[in-house]
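*Asks:* no FASTA, just this:
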C-alpha cells in the first residue's frame, strides 16, 4: 500500500468507506435486532458520525482493519444509545414490526417465489452467527475482507463461517423440502 | 468458498434473497450527506454557545483562580460550605470538621454522578486498532486519574504512618478524604477513557474493581486490623470495609460477563470477603445481659487457678448493678467451696471474687480464719495503724472480718481511718485502683458519706486517668493505670472508672460517647476463632453493660448519628458510584455474539 501524504481522512476516504462498508454495516446493524429500514438509517448515522469525528481517528484511512474497527465502535455506541431511547417507546413500535413481518413473508406466487420463501424460512432457522455473516456478505455482495474488518475477524474465519452457514442453510432447506414433499404425498 | 460447492445453496440464490433489502446507493449517500450537514450545523451552534459562556469565565478564572481550584470549587459547592459554616457556628471543631468532611463527600458524589453521566453520553467514537491512545486532553485526564490513584495509595500509607506521630484523632477525616479522592480518580479516569474512545463496560468494571481494592487496602485494611482509627468511629471502620469488599463482589457478580477474567476476580474478591468476615467480623455486640449471663454460666473456673475469676466476678456484679436476672452460679459456688479446702492452694483473688459475688458462707470464712496467716491478717487490720496496702485482691480480708465478728464503732472507725489514710492523691501511683479500693472498703464499713464528701477529689483522679488522646497502637477513650507511663486504655482500669462514675457521678472532662465507642470496639465479637476465649472481652462487656444501663448516655441526635457513621456513608456512596459508572457504560461484545433476533430477508 503506497504511503499517504496525510493521515487525516478526506472526502474521497468517506466515499470509499461508504462503498466498502455500506452493505456489511447495514447487515451488522440488522443482525443486532433492527429492522432493515432502521438499520439503514443507523448506518447513515454511523458514516456521518465517522466523518464529523474524523479528527479523532488515529490510523491509516486506507487500512480496512482500522476503518472497520472504527466504524464498528461507532455503530455499537449509536446502536446502544438508540436502544436506550427506544426502550421507552418499544410498545409503540409493535405495529411497525408486524408490518415488517408481513413484508418478510409475501405470499408465494411462482416457483421462484416458493424457492425464495423456502430459503427465507431456512435462513430464519440458522444460528445468529451464521445469519450475521450471510446478511453482511450477501446484502451487497461485499468481500470477505470487508466483512472481516467490520467484525474484527480474520478473512479466513469469515470465509469458514460463510461456508458453514451456506451448508447449514442447504441442510435445512433440503429437510424442509423433503417434509413438504411428504406432506403433499399424504 | 469452492469446496463442496455442489452441496451448498448457490451464491446467486442468496444474493437474490437479500436483493429486496439492498440499500439504494444514491439515496444512502444523500442520507449520509444530510446527516453530516445537520451535525456540523449542530456542532457550530454548540461551539458558539460554549464560546459565549466560556469567555467571561476564562477572564474571571485568569484573575481569580487556576483551573484546578475551579474544579475543586465545582466539587464542593460554596453555597453548601457557607450553609455548613453558618450551621456550625455553635459547634465545636470536633463536630464541625466531620460535618464539613461529610458534606464534601456528598458533594463529590453528586458532582461525580453528573460527570459520569456526561462522560458516558458524550463518549468519543472508538479508535482504530492502531491508535496509540488518544489525544492530549484524554491523555491528560487519564494521567490525572492515574495520579489520583497513586495519591490514594500514598494516602493509605499516610493513614498507617501518621497516627504513629500525631495520634488517631483525625484518621477518620483522612479516610473520608481518601474516599473523596477515589471518587475524583474514578471520574478523571472515566473522562479520559471517554475522550479517548475506550469507554466500554469491561474497562470501566476493571477500573472500578481496581479502585475498590485500592480503597479497601488503603483505607480499611491496616487501619481496621490494627485499630488505628478513633474508637468512637461508629460502625464505619468495620462495616465500611465490608461494604467496599461486598460492593466489589456484587459488582463483579452482576457484570461478570463484561470483562475477561472477571470470574477469577470474583472468586478472589469473594474469598477475601469471607476471610475478612471470619477473621475480622464487623462489630457485633455481646454486651446485653443475656450475653453476659451466658458467659458467666459457660465459663469454666478452677479453684487452684487465677484464670477468669476477675472476669466472672465483674460480670456477676455488672448484672446485679443493672438489675438484670442473675446467672446460675452452681459451678462457681462449687469451685469457691473447693478454694477453702486445706489441700487447695487458692489465691486470695479467688476468695475476693467469691466475696464480691456473695457466694462465701460464714462457715467458709471461719474455716479460712483458722489458718495462721489469715488469722494474722485479720488481727493486723485492727492492731496496726496507718495506710493500708490495698491491692485489689485483698478485699476479702474485710469481708471475712465483717462476716466473723460484729465490729464495734471504735473498730470500724479505726479501719476507716486507715482507709482514709490510703486515699490517693492525683499523682499517687495506680491512683485509680487505690481509689476504687478505698471506695469499696468505705462502703463496706458504712462510711459512704465520707466518700461522697470527696467526690471532687475522686473526679480529679478520674479525669487524670482518662485517655483522651492516643497514638497508634494505643487506645483512647478509656482509663489507664498510669497516665505518665502508659497513655493507653486498659480494660480493668476502664471498668473501675465506669464503676466509680456510677457511684460518684461523671466528671465534666469525660466524654461518655467516646467511652462507649471505645468499649464497643473492644468488646465486639472477635469472630469464631476467638469465640472459644470469651473471657478476653468479658471485662469490657461488663463495663459497657454498666455504662449503658447503670450510668446511661443521652441519645445522640440523628445528625450526630449521621456524622458518627460518615465513613460508612462515604464507602456506600463510592460503591454506588462504581455501580452507576459500570451500568451506564455500554457493554462491548463480540459483534457476532451480539447478534440475535435480527431482521429477516
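*Replies:* Right, received. Where do you want to start? Everything quoted here is computed from the prediction, not taken from an experiment.
*Asks:* dump the residue contacts of residue B:425.
*Replies:* B:431, B:457 (CB atoms under 8 Å, 6 or more residues apart in numbering or on different chains). For every residue, glycine as well, the C-beta is placed using N, CA and C.
*Asks:* Equivalent analysis for residue B:326, please.
*Replies:* So residue B:326 contacts B:293, B:316, B:319-320 (CB under 8 Å, 6+ apart).
*Asks:* and those residues, which are buried?
*Replies:* B:293, B:316, B:319 (16 or more other CB atoms under 10 Å in any protein chain shown).
*Asks:* Could you point out which of the residues you listed is nearest to chain A?
*Replies:* Closest approach to chain A among the buried ones among the contacts of residue B:326 (CB to the nearest CB): residue B:293, at 58.3 Å.
*Asks:* Show me what the strand or helix carrying residue B:352 is packed up against.
*Replies:* Per DSSP states H and E: residue B:352 is located in helix B:348-357. Counting contacts by 3 or more CB pairs under 8 Å, 6 or more residues apart in numbering or on different chains; DSSP states H and E, helix B:348-357 packs against helix B:309-321, helix B:330-339, helix B:396-404.
*Asks:* what sits up against the first one?
*Replies:* By CB under 8 Å, 6+ apart, the surrounding residues in contact with helix B:309-321 are B:289, B:292-293, B:295-296, B:299, B:301, B:325-327, B:329, B:332, B:349-350, B:352-354, B:356-357, B:492, B:495, B:502, B:535, B:538-539, B:541-543, B:545-546, B:550.
*Asks:* what about burial for these, which qualify?
*Replies:* B:289, B:292-293, B:295-296, B:299, B:301, B:327, B:329, B:332, B:349-350, B:352-354, B:356-357, B:492, B:495, B:502, B:535, B:538-539, B:541-543, B:545-546, B:550.
*Asks:* Okay, now the unreliable bits of chain A?
*Replies:* Applying pLDDT under 70 to chain A picks out residues A:1-6, A:84-110, A:183-186.
*Asks:* what about the residue nearest the centre of it, distance to residue A:125?
*Replies:* By CA atoms, centre = their mean, the mean C-alpha position of chain A lies nearest to residue A:27, the distance being 1.0 Å. With distances taken as CB to CB, to the nearest Å, residue A:27 is found 18 Å from residue A:125.
*Asks:* Who are the contact partners of residue 15?
*Replies:* Picked chain A for this. Counted by CB under 8 Å, 6+ apart, residue A:15 has contacts residue B:29.
*Asks:* Switch to chain B, please.
*Replies:* So residue B:15 contacts A:138, A:141 (CB under 8 Å, 6+ apart).
*Asks:* where does it fall, helix, sheet strand or coil?
*Replies:* helix (DSSP: H, G, I helix; E, B strand; the rest coil).
*Asks:* Just the pLDDT at it, thanks.
*Replies:* Note for residue B:15: predicted pLDDT of 87.
*Asks:* and if you look at residue B:186?
*Replies:* 90.
*Asks:* tally of neighbours for it?
*Replies:* 25 (other CB atoms under 10 Å in any protein chain shown).
*Asks:* For it, which non-adjacent residue is spatially closest?
*Replies:* residue B:211 (5.7 Å; CB to CB, 6 or more residues apart in numbering or on different chains).
*Asks:* Just to be sure, the one you found is in a helix?
*Replies:* Yes - under three-state DSSP, residue B:211 falls within a helix.
*Asks:* Please give the element, helix or strand, for the residue in chain A that chain B sits nearest to.
*Replies:* Chain B sits closest to residue A:73 of chain A, with a gap of 2.6 Å, by CB to the nearest CB. Residue A:73 is part of helix A:64-87, with elements assigned from DSSP H and E.
*Asks:* Now do the buried residues in that helix.
*Replies:* In helix A:64-87, counting by 16+ other CB under 10 Å, buried: A:64-80, A:82.
*Asks:* Repeat that for stretch A:9-29.
*Replies:* For stretch A:9-29, by 16+ other CB under 10 Å, it's A:9, A:13-14, A:17-18, A:20-29.
*Asks:* Off-centre distance for that stretch?
*Replies:* Stretch A:9-29 has its C-alpha centroid displaced from the chain centroid by 13 Å (CA atoms, centre = their mean, to the nearest Å).
*Asks:* got it, and stretch B:576-590?
*Replies:* Per CA atoms, centre = their mean, the centroid offset for stretch B:576-590 relative to its chain is 30 Å.
*Asks:* which residues are contacting that stretch?
*Replies:* A:76-77, A:80-81, A:152, B:109, B:112-113, B:116-117, B:120, B:183, B:186, B:190, B:199-202, B:204-205, B:207-208, B:211-212, B:247, B:250-251, B:254-255, B:257-258.
*Asks:* how about 6 Å then?
*Replies:* A:80, B:112, B:116, B:120, B:199-201, B:204-205, B:208, B:251, B:255, B:258 (CB atoms under 6 Å, 6 or more residues apart in numbering or on different chains).
*Asks:* what two of the residues you listed are the furthest from one another?
*Replies:* The span of the contacts of stretch B:576-590, defined through CB to CB, is set by A:80 and B:112 at 21.9 Å.
*Asks:* got the buried residues for stretch B:376-395?
*Replies:* B:377-378, B:381-382, B:388, B:390, B:392-395.
*Asks:* Quickly note the distance from residue B:427 to chain A.
*Replies:* The gap separating residue B:427 from chain A is 73 Å, by CB to the nearest CB, to the nearest Å.
*Asks:* In chain A, which helix is the longest?
*Replies:* Counting by DSSP state H, the longest helix found in chain A is helix A:155-185.
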